[in-house]
Structure formats: structure tokens, C-alpha cells
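[1] sequence first, predicted coordinates after that:
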Amino acid sequence: MGWFEPTLRWGMSILFLLVLIVIFIKKTDRDEKYAGWKMIFYYFLGTFTFHLQDWVLPVGIFVFLLYFLPKLSQNKTAKKWAAGLGVISFLSGIVITHSVNAYYERNFSVKASSANAFEMNFSKDYEKIKDALNANGDLVITNLELSFKKSGKIQEFNYNALYVKDGKNMTAWVQQVKGTYKIAPSIQQENESAMVLEGMNYISSPSIYFHVLDQTGLKKMIPKGDFYHVAFASSEEFSPEQEKAKLWDIQTTGIKEHAIDAAAHDDGKEEEHEPGLPYQISITTMKGTQETGYTGDRYDYFSISPDLYE
């Protein structure tokens, strides 16, 4: 489909040019000075539009009807044909654009490996979604939400995916519903990519995180609780005093508690501080209460060892 759209547009342009030549040969009195150039002018006048937010207004044909048409004396019929052909060209462009958008923005579904977070194959599901999107290269994901109950039953798993397909910047909302991913792609408008990523925690290498979840196993990463929320992060600074959080290293040999270096102050006291870590998985463990439903009880941060992705 990547080559089809520009080829179709070029083909339609050539067709309209040939029709305009036929109109000039069959309908035009060539005794009029610059008759050919005038036919081209009225054709392009018919294609002229004005964009007002999401509206495309065919201003050219109204200018022709209100200003030029009453003044025409020579080749009036041929010039009306030329302007009308321009309008048809404009309308065909709209039809092509909407048809292409409909093709690229078709909603579809992909079967998930499981509806249970402890049994899911995250990497396999990610690759299936990427293949179904026909993305060129890796996906960039934002707004990832993964939460599940203590049984592993997924309560929420969705994210926004940004990718390139056939040279077009695309975005897709991916949501798991009862063991099936509902995927809604859409074509991004100009400059929308920067707007989508601005101020958001975006993940440019999600395959690393999904691979680690599969290799380590979510069940081994969580303490006792009633509800869990998982998030991905990149190059975030970690402080061990932050909400009584704990930091772990995920290595090829398993999960180990992270050793944090202490930095000395001028007064001789030491403050524990951990610089930015390239890839992190955070898990918030929540306990159920009668008053508020769920409340945060523990916060674990898992730093992914370079051995797992280099």
C-alpha cells in the first residue's frame, strides 16, 4: 500500500491532464489569445481550496462562478469544463485521502497469550502486535498501564504505540480486553509526534522490558499483596528514602538487592543516592481496605542489568 497511494495520485493527475487536453482540442476556439494557458488557469482555479481547521473549502470554484464566469465571452463552455474538471480533481483527492485513511486506520484484534499476568508471554504478544501493525522497526510506547490482582488476573493492560508504516507516522491504542488485544491505529498529523511525546514517559525499547518480565517472571517480583501496578521507566533517578522504596537488580542469575553508594556531605554525613538507571520496572503493591478500596503498601524498583539487553 505504501507505493499504491502516490502511484494512484500520479495516475489521476495524468488522467485529468489528458482530459484537459481533449477539452482544449475538442471544445476550444484557438483564435483566442493564450487560450491554452487560460484553460490551465481555470483548471487549477477549480482545484484551489482553503483550509479552515478541519474543513477544506473549495474556494476556487466559487471565485470562478461569481467573478470570472459572468465576464466570459470566448470559449465559455470550454472554460466551464476546465473549471469543473478542477473541482472533480479536488473531489477525487478527498476520496483517495479518505480511502487511504480508512485502510491504515482499520481496527483489529490480536489474541493474547493469556489474560493472567503470571502466565502471559509478554514478548510473544508484543511481537504479534508489532507484526499485525506492520511497523517498520520497534514501537515506541507511552501511557502504559498494567495492573492485576493477586491471582494474576489482569485488571488493566493498555498502552499507546507510536511507529512508522509505509513512511507514515502512526499511533495505535492497544488494550487487552478478556484475553484479546483491541487495536485502534490512526495516522498522525504533522508535528503530532512531538506533541504526543512531550512531557510523557515514553519507552523506545519496550522489547527489553517485556523480555525481562518473561525471563524473570512477575510472580517472583512481587511481595504479598492484593493488587499490583506495573510501570516502565528509563533513566530515572532513584532515592531509597522515596516512599520507603526498595531497589533491586535483575541479573542473568536472578533478582538481587541493589547496593547503593553513599555520597559524603561537607558536614561529614553521608546521603544515599542512586544516579539514573537506564531501564527500570517499578511495581506498586497495594492492599485492600474497607475505607478506600486499595492503598499503596510497598514500592519496588527493578534495575535491568546491561547483560540482559546488550
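    Thanks, I have the structure now.
[2] what number of residues lie near the nearest residue in space to A233 that is not next to it in sequence?
    Distances taken as Cβ to Cβ, 6 or more residues apart in numbering put Q280 closest to A233, at 4.4 Å, once the chain neighbours are dropped. C-beta: built from backbone N, CA, C; applies to glycine. Each residue near Q280 was counted by other Cβ atoms under 10 Å, and the total is 21.
[3] show me what the one helix or strand D297 maps to is in contact with.
    Following DSSP states H and E, the helix or strand that holds D297 is strand 293-304. Defining contact as Cβ atoms under 8 Å, 6 or more residues apart in numbering, one finds that strand 293-304 is touched by 208-209, 212, 221-223, 225-227, 238, 242-250, 255, 258, 277-289.
[4] out of those residues, which are inside strands?
    Of the contacts of strand 293-304, the ones assigned to strands by DSSP state E are 227, 238, 246-250, 255, 277, 280-289.
[5] and the gap between A35 and Y43?
    According to Cβ to Cβ, to the nearest Å, A35 stands 13 Å off from Y43.
[6] looking at those two, which is more packed in?
    Ranked by neighbour count (other Cβ under 10 Å), A35 and Y43 place Y43 first, with 25 against 16.
[7] residues contacting the more buried one?
    By Cβ under 8 Å, 6+ apart, the neighbours of Y43 are 16, 20, 82-83, 85-86, 89.
[8] and those, which is closest to I96?
    Comparing those against I96 with Cβ to Cβ places S89 closest, at 10.6 Å.
[9] quick check: that closest one touching G46?
    Yes: if you go by Cβ atoms under 8 Å, S89 and G46 touch, sitting 7.2 Å apart.
[10] neighbour-wise, which of these two wins?
    Applying other Cβ under 10 Å to S89 and G46 shows that G46 carries more neighbours, namely 24 against 20.
[11] can you give me the helices in the stretch 151-300 of the chain?
    For the stretch 151-300 of the chain, the helices defined by DSSP state H, counting those that start in this stretch cover 192-197, 206-216, 218-221.
[12] so which of the ones you listed is the most packed in?
    Ranked by mean neighbour count, those are led by helix 206-216 with a mean of 19 (mean count of other Cβ atoms under 10 Å).
[13] tell me what angle that one forms with strand 293-304.
    100 degrees (axes from the mean of the first three to the mean of the last three Cα atoms, to 10 degrees).
[14] contact partners of helix 206-216?
    121-123, 125-127, 138-141, 203, 232, 250, 254-255, 279, 281, 302, 304, 308-309.
[15] domains in the protein, by residue range?
    4-104, 108-308 (automatic domain parsing).
[16] just the pLDDT for the spatially closest residue to T252 that is not a sequence neighbour.
    Spatially, and ignoring its direct neighbours in sequence, T252 is nearest to D307 (5.2 Å; Cβ to Cβ, 6+ apart). D307 is assigned 80 on the pLDDT scale.
[17] go on, K224?
    For K224, the pLDDT comes out at 90.
[18] where does it fall, phi/psi-wise?
    Per-residue torsions, K224: phi -70, psi 130 (degrees, to the nearest 10).
[19] ok, W55 next?
    Residue torsions, per degrees, to the nearest 10, at W55 are phi -100, psi 140.
[20] tell me how far it lies from M12.
    Going from W55 to M12 by Cβ to Cβ gives 23 Å.
[21] give me the more crowded residue out of those two.
    Taking other Cβ under 10 Å, W55 and M12 do not tie; M12 has more neighbours (16 against 8).
[22] now for that one: which residues touch it?
    Counting by Cβ under 8 Å, 6+ apart, M12 touches 89, 92-93, 96.
[23] cool, A82 as well?
    Neighbour list for A82: 20, 23, 39-40, 42-43, 46 [criterion: Cβ under 8 Å, 6+ apart].
[24] A helix includes it, no?
    Yes: A82: assigned to a helix according to DSSP: H, G, I helix; E, B strand; the rest coil.
[25] would you list the helices of the stretch 151-300 of the chain in CSV and tack on distance to E105?
    Formatted as CSV, those follow (distance: least, Cβ to Cβ, whole Å):
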stretch, distance to E105
helix 192-197, 14
helix 206-216, 22
helix 218-221, 33
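[26] pretty sure R106 contacts P185?
    Yes: using Cβ under 8 Å, R106 makes contact with P185 at a distance of 7.2 Å.
[27] who touches both of the two?
    Joint contacts of R106 and P185 (Cβ under 8 Å, 6+ apart) do not exist.
[28] run through the stretch 151-300 of the chain and note the low-pLDDT ranges.
    For the stretch 151-300 of the chain, applying pLDDT under 70 flags the ranges 190-201, 235-244, 259-277, 290-292.
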